[in-house]
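[1] this one's structure only:
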């Protein structure tokens, strides 16, 4: 296990990587298969990233949502303890409940959430879906999520899997707040590569960042997020069948 302290007993900061995955019935087949393969790929690389990181402990979480939202584990896991369990598909796309689950997760531990009470690095959130929400009040739930400090400082990406309608794309743009971090993905292989690039690259950049809590120094967080976005964009230029 990675030592949790720096010199003189100073605790390492936590970097949380969160996958938010639509496993509704429409994700059946190649789509959910690509997600499962991608996260397994990511988890083979993450131990090396953790070993190269001197000042952060990387924590992994995964939220699946269909008719209901459910965390794969009840708390963020160290890399060595996160064992991916392939997802199956069923039901609708209850994005409202997914946003509620995120809202609770992105609170400090002292308030019943899973984020550090002190310090911590702005998290990485990757949302993946292939269509419109079936919960019609999703925007109200997003408004509540936006009140969370950890959400506001997070590096947020959304992957639109085979989505072509402006209405569905607008849902994802409202989640990220940045059209440059919403990607259309058209094939299973491209989806696998994109998930891997975002998760691995962002973790490398942000695990070496200065610490900040949910009310942290906005300029430093924005600069760090921008650096990660630039490196991700550069690597994604080599991936076919995606669109910004």
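    Looks like it came in fine. Predicted, not measured: the structure shown is a model, and the values here were computed from it.
[2] how about low-confidence regions in the chain?
    1-11, 209-219 (pLDDT under 70).
[3] Show residues contacting stretch 159-176.
    22, 27, 31, 95, 126-133, 138-139, 142, 156-158, 179, 182-186, 191, 194-195 (C-beta atoms under 8 Å, 6 or more residues apart in numbering). For glycine as for every other residue, the C-beta is placed from the backbone atoms N, C-alpha and C.
[4] Give me the buried entries from these.
    22, 27, 31, 95, 126-133, 138, 142, 156-158, 182-186, 191, 194-195 (16 or more other C-beta atoms under 10 Å).
[5] Sort out for me which of those residues are in strands.
    Using DSSP state E, the subset of these located in strands is 22, 126, 127, 128, 129, 156, 157, 158, 182, 183, 184, 185.
[6] quick one: the residue nearest to the first one when sequence neighbours are not counted and residue 192, what's the gap?
    Nearest residue to residue 22, sequence neighbours excluded (C-beta to C-beta, 6 or more residues apart in numbering): residue 129, at 3.8 Å. From residue 129 across to residue 192, the span is 16 Å (C-beta to C-beta, to the nearest Å).
[7] excluding its backbone neighbours, what's nearest residue 102?
    In space, residue 102 is closest to residue 145, 5.7 Å off (C-beta to C-beta, 6+ apart).
[8] meant to ask about residue 20
    residue 127 (4.4 Å).
[9] got a list of what the one you found touches?
    20, 156, 157, 158, 159, 172, 175, 176.
[10] bridging residues for it?
    Counting by DSSP bridges, residue 127 is bridged to residue 20, residue 158.
[11] gap between it and residue 26?
    15 Å.
[12] If you count residues, where's the longest helix of this protein?
    If you go by DSSP state H, the chain has its longest helix at helix 30-51.
[13] residue contacts, the residue most central in space within the chain?
    Centroid check for the chain by C-alpha atoms, centre = their mean gives residue 125 as the closest residue, at 2.2 Å. Residue 125 makes contact with 18, 20, 102, 151, 154, 155, 156, 157 under the criterion C-beta under 8 Å, 6+ apart.
[14] what do you get for residue 204?
    49, 52.
[15] Could you pull up phi and psi at it?
    With angles defined as degrees, to the nearest 10, residue 204 sits at phi -60, psi -50.
[16] next one: residue 58
    phi -90, psi 130.
[17] Start the count at 111 instead of 1 going forward.
    Let's use 111 as the start, then, which means that last one is residue 168.
[18] bridging residues for it?
    Residue 168 has the following beta-bridge partners by DSSP bridges: residue 125.
[19] so how far is residue 159 from it?
    Taken as C-beta to C-beta, the span from residue 168 to residue 159 is 7 Å.
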